[in-house]
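when you get a sec, could you give me coordinates for this:
(4 chains)
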There are 2 protein chains.
Amino acid sequence: MKLLLVDDDADLRAVTSFALQQAGFLVIGAGSVPEAVAAFGTEHPDLVLLDINLPGGTGFDVCRAIRADSRVPVMMLTVRGEEEDLVRALELGADDYLTKPFSPRTLIARVRALLRRAGLESGGRTRAGDLELDADALCLRIGADGTLRITRLEFRLLQLLLAHAGQAVATDRLLAHVWGHKGGGDRQVLKQLVHRLRLKLGEAGDLANRIETIPAVGYRLNVTAP
Amino acid sequence: MKLLLVDDDADLRAVTSFALQQAGFLVIGAGSVPEAVAAFGTEHPDLVLLDINLPGGTGFDVCRAIRADSRVPVMMLTVRGEEEDLVRALELGADDYLTKPFSPRTLIARVRALLRRAGLESGGRTRAGDLELDADALCLRIGADGTLRITRLEFRLLQLLLAHAGQAVATDRLLAHVWGHKGGGDRQVLKQLVHRLRLKLGEAGDLANRIETIPAVGYRLNVTAP
DNA sequence: ACGGCGGTGACAAAGCGGTGACATTGCACG
DNA sequence: CGTGCAATGTCACCGCTTTGTCACCGCCGT
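Alright, predicted model coming up:
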């Protein structure tokens, strides 16, 4: 899981990076607005940590640039008591904020919470209703009945659907999540992916209809009570 | 957009509810753990605001009960300086927290941010009376009875009618809103659009007469009390 | 009677999603 | 190194839905 950490204080970057790396994250650092924008373009991080005070501009500029072509989770790092800045950041599309100074433990908990909410959490298991997704074994557990082996693409598809179980997920978001923002797939392959997954779900139980089509929008995964 | 606000202080609930309602949210209140769990089960809110200190238990108990069968966004309301509580809440599956006291403006910004990052886009739903328009799933919810799948054009039509529920809306405004100013549609297609929507509404209940014709002016959507 | 307006039905074009067939890639195994 | 299989991408076709267009009907005021 790759994070982009943007802060002008190199010492703070170093200590924060260390804490995040201990927690298993890969951290890319940037110390100015142009650096941050460039790093975002080349590295495609899964989450961005953004200080507001930066040489060459503000964190707002970076946030705006990122939001222009990506829905990646953004967490602002602010100093305490600047409510105006905070409101502005959230209205610009930031997903969360953290007031400095913060403890590494808090930071890691918040980063994890944000990743989980975005449906991007890499390791471990994701559960919704009677369905549980196991990243290590690459399989889907259905209630207590059985497990279903799935492929990597099917996993990523289910990851996002499960993270938003019961809600319609737009095809664009699915494409971005499964194949990455670098246009690997189009609607054609998504059709096929869903089709093949439905076949599997049909064989493993009468579950093909769990993935519902929302015409002109995308798909929705329906779960039952656990 | 429906929120569940859980706090034992009735006065704070009242003032907070008012602020949220001003921002366009529908707020359900609860003052204790059993009340909160019951309200969650019957109301199915889109987001939960949870105080920690509650009669009959703690906000953690409510959070655990909710997470047992739902991934609805949960925001904890804490008192300042209880980092242990905060970390525990996030590990229990809460998505965010807010320290009391907070300004209504901050609360609204944070709620919006949380909804956005949950994929529920605060602009995603519009309601008027017993009708609710869901932009994400592209459907119309009628009271508690059922949902009706609608098309993109029907959605845009209802969007404007619902925003002016009970008032006549001129055909020119409808044309401009549904098809844009680029002369894509004329009165003929609007006739057809309304006709087809009335058929759908008629099948889904006896709702065809909800769209009333105002001769020489346009149409009006009638709603009943929610 | 006439003309404007709105309702209704029928039809065609375009788009979207489902499905099957086949090609390509990558990887484990002999 | 070749072989076979699973995973993935690509193509073609089918059917349904959505949307635009036309024609015709009835209503109503002059």
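
you'd agree residue A:174 is up against residue A:217?
No: the pair residue A:174 / residue A:217 is not scored as a contact, 10.7 Å apart, by CB atoms under 8 Å. Quick note: C-beta positions are derived from backbone N, CA and C, even for glycine.

so for the two, which sits in the more crowded spot?
Taking neighbours as other CB atoms under 10 Å in any protein chain shown, residue A:174 and residue A:217 compare with residue A:174 leading, 21 against 18.

who touches that one in this structure?
By CB atoms under 8 Å, 6 or more residues apart in numbering or on different chains, the contact list for residue A:174 reads A:157, A:160-161, A:190, A:218-219.

distance between the helix or strand of chain A with the lowest mean pLDDT and the chain's centre?
The helix or strand of chain A with the poorest confidence is helix A:83-91; it has a mean of 75 (mean pLDDT, DSSP states H and E). Here helix A:83-91 is found 22 Å from its chain centre; the criterion is CA atoms, centre = their mean, to the nearest Å.

ok, the following helix or strand past it: who's next to it in the sheet?
With elements assigned by DSSP states H and E, the helix or strand that comes after helix A:83-91 is strand A:96-100. Paired neighbours of strand A:96-100 in the sheet (DSSP bridges): strand A:74-79 (parallel).

for the host helix or strand of residue A:148, which residues meet the burial criterion?
Assigned by DSSP H and E, residue A:148 belongs to strand A:146-149. Residues residue A:148 are the ones in strand A:146-149 that count as buried (16 or more other CB atoms under 10 Å in any protein chain shown).

one more: stretch A:13-24?
Of all the residues in stretch A:13-24, those buried under the rule 16+ other CB under 10 Å are A:13, A:16-17, A:20, A:23.

name the residues that touch it?
Outside stretch A:13-24, the residues that reach it (CB under 8 Å, 6+ apart) are A:1, A:3, A:5, A:7, A:27, A:29, A:31, A:49, A:104, A:107-108, A:111, A:123.

among those residues, which are in helices?
Cross-referencing the contacts of stretch A:13-24 against helices under DSSP state H gives A:104, A:107-108, A:111.

just say helix, strand or coil for residue A:175.
The three-state label given to residue A:175 by DSSP: H, G, I helix; E, B strand; the rest coil is helix.

which of the ones in helices among the contacts of stretch A:13-24 has the most neighbours?
When neighbours are counted by other CB under 10 Å, residue A:111 leads those with 21 neighbours.

just grab the bridge partners of the nearest residue to that residue once chain neighbours are set aside for me.
Among residues not flanking residue A:111 along the chain, residue A:47 sits closest, at 6.5 Å (CB to CB, 6 or more residues apart in numbering or on different chains). Per DSSP bridges, the residues bridged to residue A:47 are residue A:3.

next, the buried residues of the least confident helix or strand of chain A.
So, applying 16+ other CB under 10 Å, buried residues of helix A:83-91: A:85-90.

restrict these to those near chain B?
Among those, the residues that sit close to chain B (CB under 8 Å from any CB of the partner chain) are A:86-87, A:90.

where does the closest residue to DNA strand C within chain A land in three-state SS?
Using CB to the nearest atom of the strand, the single residue of chain A nearest to DNA strand C is residue A:213, 3.8 Å away. When classified by three-state DSSP, residue A:213 comes out as strand.

helix, strand or coil for the closest residue to it other than its chain neighbours?
Using CB to CB, 6+ apart and skipping residues adjacent in sequence, the residue nearest residue A:213 is residue A:219, 6.0 Å away. Applying three-state DSSP to residue A:219 yields a three-state assignment of strand.

who's residue A:219 bridged to?
Applying DSSP bridges, one finds that residue A:219 bridges with residue A:169, residue A:213.

check whether whichever helix in chain A runs longest contacts DNA strand C.
Scanning chain A for the helix with the most residues, using DSSP H, yields helix A:187-203. Yes: using CB under 7 Å from any atom of the strand, helix A:187-203 reaches DNA strand C at A:187, A:191-192, A:194-195, A:198.

again, but for stretch A:151-169
No: applying CB under 7 Å from any atom of the strand, one finds stretch A:151-169 separated from DNA strand C by no less than 10.7 Å.

mind checking the pLDDT average for that stretch?
Across stretch A:151-169, the average pLDDT comes to 90.

if I look at residue A:88, how far off is residue A:97?
From residue A:88 across to residue A:97, the span is 11 Å (CB to CB, to the nearest Å).

how about residue A:116?
For residue A:116 relative to residue A:97 (CB to CB), the value is 17 Å.

the more surrounded of these two?
The neighbour comparison of residue A:116 against residue A:97 (other CB under 10 Å) goes to residue A:97, with 23 against 17.

show me what contacts the closest residue to that one other than its chain neighbours?
In space, and not counting its chain neighbours, residue A:97 is closest to residue A:76: 4.2 Å by CB to CB, 6+ apart. If you count contacts by CB under 8 Å, 6+ apart, residue A:76 has them with A:50-52, A:59, A:63, A:86, A:89, A:94, A:96-98.
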